[in-house]
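A.B. asks: From the sequence below, what's the structure:
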Amino acid sequence: MNLKQGYTKEQYPFPVKRYCQILELKASDSGIEEYRYWHRSENIWKEIPEGIRRAGILDMEIYLHGAVAFMIVETPIDFDWDEAFGRLASFERQSEWEEFVARFQQVEPGKRSDQKWTLMERVFSLNS
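C.D. replies: Predicted structure coming up:
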């Protein structure tokens with residue numbers, strides 16, 4: 001895979017909010033490879049992306065650099081982070097998924113997705 005080719009991005013016909021977050025994974029080559037495996041579209045449990053969409057998230061991308069995962073979440077402007085992630089945690093298999101992927105993550109057991117990931121501050125934007 002040539003990372004310098006970049007990634008295509010869908011544009012929405014309306015303004016969106018973007019949230020950027022990081023999460024440390026356990027520094028194990030085999031564990032990181034398995035984390036990649038379970039996040040591929042053909043391997044992820046079907047209920048997980050369905051629940052993410054039901055919570056109101058338009059797009060979610062995860063990038064890896066070594067043992068650091070970087071997530072971008074795009075939502076409608078009126079998206080309420082706390083309310084949406086509270087609902088997401090109650091959806092089918094979501095708690096089971098969080099427990100399953102926690103074995104690859106540097107997190108305390110029993111945490112929801114929004115309690116594991118750390119929101120980042122934007123310090124520069126070329127277009128703002």
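
A.B. asks: going forward, measure contacts between C-alpha atoms and count neighbours the same way
C.D. replies: Will do.

A.B. asks: mind saving the C-alpha coords of the helix or strand of the chain with the lowest mean pLDDT as CSV?
C.D. replies: Least confident element among the helices and strands of the chain, by mean pLDDT, DSSP states H and E: helix 113-116 (a mean of 92). Extracted C-alpha coordinates of helix 113-116, given in CSV (Å, rounded to 0.1, in the frame of the first residue of the first chain):
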residue,chain,number,x,y,z
SER,A,113,-16.0,4.0,23.1
ASP,A,114,-16.2,7.7,24.0
GLN,A,115,-14.5,7.0,27.3
LYS,A,116,-11.6,5.2,25.7
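
A.B. asks: ok, then the element right after that helix?
C.D. replies: Later in the chain than helix 113-116, the nearest helix or strand by DSSP states H and E is strand 118-119.

A.B. asks: what does that following strand contact?
C.D. replies: Defining contact as CA atoms under 8 Å, 6 or more residues apart in numbering, one finds that strand 118-119 is touched by Tyr19, Cys20, Gln21, Ile22, Leu23.

A.B. asks: And the helices in the chain?
C.D. replies: 29-39, 47-54, 81-90, 94-102, 113-116 (DSSP state H).

A.B. asks: For Phe124, find the nearest of the ones you listed.
C.D. replies: Minimum separation from Phe124 across those (CA to CA) falls at helix 81-90, 22.2 Å.

A.B. asks: Taking helix 47-54 as reference, get the angle to the closest one.
C.D. replies: Interaxial angle, helix 81-90 versus helix 47-54 (axes from the mean of the first three to the mean of the last three CA atoms, to 10 degrees): 150 degrees.
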